[in-house]
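Peer 1: Sequence first, then the predicted structure, then my questions.
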Amino acid sequence: MFIKKTSKSYKGKKYDNFLLVESVATEKGPRHKVICSLGALAPAPREEWLAMARKLESALAGQPSLISEPDRAVDKIVKQVETSYRRRSSVAGTVQNDEEIVEVRVDQVSVQEAREAGAQYVAHQIWNRLGMNSVLAEAGLDENARLLTEIMTINRLVAPSSEHAMPEWVKRTALPDILNADCSKLNDDKLYRNLDELHPKREKIEQQIAERERALFNLEETIFLYDLTSTYFEGECEANPKAKRGYSRDKRGDCKQVVMGLVLDGDGFSKAHEVFDGNRVDTTTVDEMLEALEKRVGKKEGATVIVDRGMAYEKNLKQIKDHGYHYIVGGLQTERFEHLEEFASPQGWEKVERGNGAKKTVVEVKISRSESGESHLLCKSEGRKQKDRAIRDKQDKEMLADLKKLQNRIAKGSLIDPSKINRAIGRLQERYSRVGRYYTIDYRAGDGGGLTWSENQEKRSQIEKLDGGYVIKTDRTDMTADQIWRTYTLLTRVESAFRTMKSPLMERPIFHQLAKRVEAHIFLCVLAFHLLVCIERMFLDEAIHTSWETIRNQLASHQIVTVVLPASNGDVLKIRRPTKPEKIHSDIYRTLRLSESIIEPIKKWISASH
């Protein structure tokens, strides 16, 4: 089809008319068939006529109006054609209405454009429940940027992909139906530009989300859990000054990385995140992270900050207290030796339990008060004892094997520089820190010298007595041993959050090369995590223990389809509608307090004459 302009003169005045025309084959060759008159006003600038004609052709074929954002100009013209058709149908006695009874050619019934809809629908509804469009608008994002951000966040939650692959993923899903948006022109360039626009708004957005989640779930911000993880890159990342090699939690020391700090509240909701240089040391991030937290949620005097032993140094504890907070931290491994006699004594222990069945954890605890008023919670468990022994035995064997290799190199003369030999010894003691402390290693140059080592049995015996033991420290004096331990173990929620971001949300590896896009990519994972936590919390409130990954897989079979019903008179009725939800779908929607009606059915009659 195409748009054709005609002109004629009447009484000296020129009149223009615009026609929607299609080319048809006849015995005398191709001829133009007029579909309808568009009137005297140009439907669009001339350079847009072809695009509009294609839209009209698709609309008259019954497709775009079912799955794309309505175009008012196109809809108006389509109605002109349909009105003419309905007049003809009425005369023939086949007028259609909402309560019609249609004779259908059963052998020609088909289903088209089946699109996965369940997980996308849930994500969109939770997005709305959090008021995310208002949050983004307050942060200064326009309507188009808000739409793109929602699409990118839902993609990260449902089926994470790159910006390059995302447009094709959108087309394969019912997301355009659910969002009532035309995604036909979506491309990676628009998505990349949206990352750039999103980047400077992160702090404002995170602040607003925290306020809404606090009100929606009645959250008490009295506990903050802080931890760090690393995320590695593919590529050299020369344009990203934060991309550096450092301690890799992903065991990818061969790749550059960034370090991400994350603060959750006691209920597991994200409060603040920051992206640090890839070689940033944990202890140097505490003060900066607390400042970021206060920008998001305000000053929470008297709250308790929980960190692991990597941030248990006096400097870090002072920083936490200077911000007006209490602390609960995992003590350093060496601090266990201060309580050697108390660990060995059988008196004063009480048992605490968490979980049930195969996931049940039993720990023995007792409190030791220090002279400074700090409480030290001594903890031990049989499971941890076995783990400590297994790790130590493994390190013992590996260290002795490496010592023998080093000894042979020295004996053969392939390594003779004393400074290099001493550095090699130091690296071995650092690598095998659990066992290196009870080995004495000596090197003597010259004839009769070489590398020797001996085991200190007394030190080894002390370490064995501490197997399964660890220390938790706090300045809280109002908590029982049971309360301290249970509160500290909440820190596992941050570890779980990192696993979630790296696995179902696919935060890693990062392929972006620019620093701002890397940080915006991580922020999208944080936004998706907000939706995920809200969903899982609503299930937990119903005493249903499940994960978003399980829910997502269960919803994959709920789809939106186009049912094609050929009528006996040659016309075709197309209905765009969701499939009937199965029981598992209904159960999920009921738990989340969502309607089972993903979209209202859309009907479209296609005339046999088109």
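Peer 2: Thanks, I have it. Residues are numbered from 1 along each chain as shown.
Peer 1: Mind giving me the packing neighbours of the helix or strand hosting Q429?
Peer 2: Assigned by DSSP states H and E, Q429 belongs to helix 418-431. Here helix 418-431 touches helix 382-412, helix 433-436, strand 439-444, going by 3 or more Cβ pairs under 8 Å, 6 or more residues apart in numbering; DSSP states H and E. Just so you know, the C-beta spots here come from the backbone N, C-alpha and C atoms, and that holds for glycine as well.
Peer 1: Any stretches of the chain with poor pLDDT?
Peer 2: Regions of the chain meeting the criterion pLDDT under 70 cover residues 1, 10-11, 24-29, 39-44, 46-100, 448, 609-610.
Peer 1: what's the domain layout of it?
Peer 2: Using automatic domain parsing, the domains assigned to the chain come out as 2-91, 219-381+468-513, 384-465.
Peer 1: Of the ones you listed, which is nearest V563?
Peer 2: domain 2-91 (10.7 Å; Cβ to Cβ).
Peer 1: For the helix holding Q429, list the C-alpha coordinates in PDB.
Peer 2: Only the C-alpha atoms of helix 418-431 are listed here, as PDB (Å, rounded to 0.1, in the frame of the first residue of the first chain):
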ATOM      1  CA  PRO A 418      68.700 -15.400  48.800                       C
ATOM      2  CA  SER A 419      66.300 -12.400  48.500                       C
ATOM      3  CA  LYS A 420      64.200 -14.300  46.000                       C
ATOM      4  CA  ILE A 421      64.300 -17.400  48.100                       C
ATOM      5  CA  ASN A 422      63.100 -15.500  51.200                       C
ATOM      6  CA  ARG A 423      60.300 -13.900  49.200                       C
ATOM      7  CA  ALA A 424      59.200 -17.300  48.000                       C
ATOM      8  CA  ILE A 425      59.100 -18.500  51.600                       C
ATOM      9  CA  GLY A 426      57.000 -15.500  52.600                       C
ATOM     10  CA  ARG A 427      54.600 -16.100  49.700                       C
ATOM     11  CA  LEU A 428      54.100 -19.700  50.900                       C
ATOM     12  CA  GLN A 429      53.400 -18.600  54.500                       C
ATOM     13  CA  GLU A 430      50.900 -16.100  53.200                       C
ATOM     14  CA  ARG A 431      49.200 -18.500  50.800                       C
END
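Peer 1: Turn the domains of the chain into TSV, columns for distance to E213 and mean neighbour count.
Peer 2: Output for these, formatted as TSV (distance: least, Cβ to Cβ, whole Å; neighbours: other Cβ atoms under 10 Å):
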stretch	distance to E213	mean neighbour count
domain 2-91	30	14
domain 219-381+468-513	5	17
domain 384-465	34	14
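Peer 1: can you put the ones you listed in a markdown table and add distance to A174?
Peer 2: As requested, the domains of the chain are exported to a markdown table (distance: least, Cβ to Cβ, whole Å):
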| stretch | distance to A174 |
| --- | --- |
| domain 2-91 | 8 |
| domain 219-381+468-513 | 20 |
| domain 384-465 | 47 |
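Peer 1: one step back: the helices and strands packed on helix 418-431 into JSON lines, with extra columns for distance to S37?
Peer 2: Output for the helices and strands packed on helix 418-431, formatted as JSON lines (distance: least, Cβ to Cβ, whole Å):
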{"stretch": "helix 382-412", "distance to S37": "82"}
{"stretch": "helix 433-436", "distance to S37": "85"}
{"stretch": "strand 439-444", "distance to S37": "95"}
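Peer 1: so which of the ones you listed gets nearest A497?
Peer 2: Nearest to A497 among the helices and strands packed on helix 418-431 is helix 382-412 (22.8 Å), distances taken as Cβ to Cβ.
Peer 1: Give me the helices and strands touching that closest one, please.
Peer 2: helix 418-431, helix 433-436, strand 439-444, strand 450-455, strand 469-474.
Peer 1: go with 10 Å
Peer 2: Counting contacts by 3 or more Cβ pairs under 10 Å, 6 or more residues apart in numbering; DSSP states H and E, helix 382-412 is packed against strand 361-369, helix 418-431, helix 433-436, strand 439-444, strand 450-455, helix 457-465, strand 469-474.
Peer 1: what angle do it and strand 450-455 make?
Peer 2: Relative orientation of helix 382-412 and strand 450-455, computed by axes from the mean of the first three to the mean of the last three Cα atoms, to 10 degrees: 160 degrees.
Peer 1: Done for today, thanks.
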